[in-house]
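Engineer: Sequence plus the predicted model coming up.
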Amino acid sequence: MKLVLWDIDHTLIATRGVGRELFGECFEHITGVRMERMAAVDGMTEPVIFRETARLHGITSDRTMFEAFARCSSERHRLRADDLRERGHALPGAAAALASLALLEDFVQTVVTGNIRAVAETKLAVFGLDTYIRFPYGGYGEDHDDRAYLVRTAIARTANALGHSVDTTDVLLIGDTPADIAAARATGVAALGVATGRSTRDDLAKAGATETIPDLQHLDVLRTLLA
């Protein structure tokens, strides 16, 4: 069995600013402070982004505060689903890549993302990309700050659900940032770098990606890695 771990933002979809707006709304709602700056987001998990953004505003946050933020974010993503659909989009080749892998025997697809699970589900559902994703098997921002931990979590959840072990040699992580690639390397799984975010193919290769592609329309490379 092969396990494919998908990143979401800038790998499968782009929210075109809606995500940042919703983060700011919930940040102000929970902290009482208008968000003037946002911490770096590329490859970071939601708890880290929230904590570092709070720090930039002179606020010391805790887990309880983050959990309140997460509930707000989940609800507002659902309420703003139409905005996400109208302003954002699935990235080129994303739907075809998911559908193509679903046709292969003994393949499982889930996500490893810095998003909290409820937000991950909403984002992919909005763009019709949720059909082939087994969300209960994934690793999410609320699970841990560290992305490598999320990879291990997804592998463990998949193995537990299927009733047998999953060898790291049968796992492929697909993401758009050096942080995605670093998480794959730390856990001993292959990594496909997709240059649809802010990182170039060269950036991803230098981070240690097994292979890189310009976008998900290049399914030949994806199939080769999963052979």
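Structural biologist: Thanks, I have the structure now.

Engineer: any idea how the protein splits into domains?
Structural biologist: 2-14+89-225, 18-86 (automatic domain parsing).

Engineer: Using the three-state scheme, assign the nearest residue to Arg51 once chain neighbours are set aside.
Structural biologist: Nearest non-adjacent residue to Arg51, counting by Cβ to Cβ, 6 or more residues apart in numbering: Ser61, 5.2 Å away. Every C-beta, even on glycine, is put in place using the N, C-alpha and C of the backbone. Of the three states, Ser61 takes coil under DSSP: H, G, I helix; E, B strand; the rest coil.

Engineer: Check what pLDDT Ser61 gets.
Structural biologist: Looking at Ser61, its pLDDT is 96.

Engineer: residue contacts, it?
Structural biologist: Applying Cβ atoms under 8 Å, 6 or more residues apart in numbering, one finds that Ser61 lies in contact with Thr31, Phe50, Arg51, Ala54, Arg55.

Engineer: Highest neighbour count among the residues you listed?
Structural biologist: Using other Cβ atoms under 10 Å as the neighbour test, the contacts of Ser61 are led by Phe50, with 26 neighbours.

Engineer: all strands for the protein, in order.
Structural biologist: Under the criterion DSSP state E, strands of the chain are mapped to 2-6, 13-14, 89-90, 107-111, 171-175, 190-194, 211-213.

Engineer: Let's have those strands in JSON lines, adding mean neighbour count, distance to Thr224 and mean pLDDT.
Structural biologist: Below are the strands of the chain laid out as JSON lines (neighbours: other Cβ atoms under 10 Å; distance: least, Cβ to Cβ, whole Å; pLDDT from 0 to 100):
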{"stretch": "strand 2-6", "mean neighbour count": "25", "distance to Thr224": "13", "mean pLDDT": "97"}
{"stretch": "strand 13-14", "mean neighbour count": "20", "distance to Thr224": "24", "mean pLDDT": "98"}
{"stretch": "strand 89-90", "mean neighbour count": "16", "distance to Thr224": "23", "mean pLDDT": "98"}
{"stretch": "strand 107-111", "mean neighbour count": "22", "distance to Thr224": "15", "mean pLDDT": "97"}
{"stretch": "strand 171-175", "mean neighbour count": "26", "distance to Thr224": "11", "mean pLDDT": "97"}
{"stretch": "strand 190-194", "mean neighbour count": "27", "distance to Thr224": "10", "mean pLDDT": "97"}
{"stretch": "strand 211-213", "mean neighbour count": "21", "distance to Thr224": "8", "mean pLDDT": "96"}
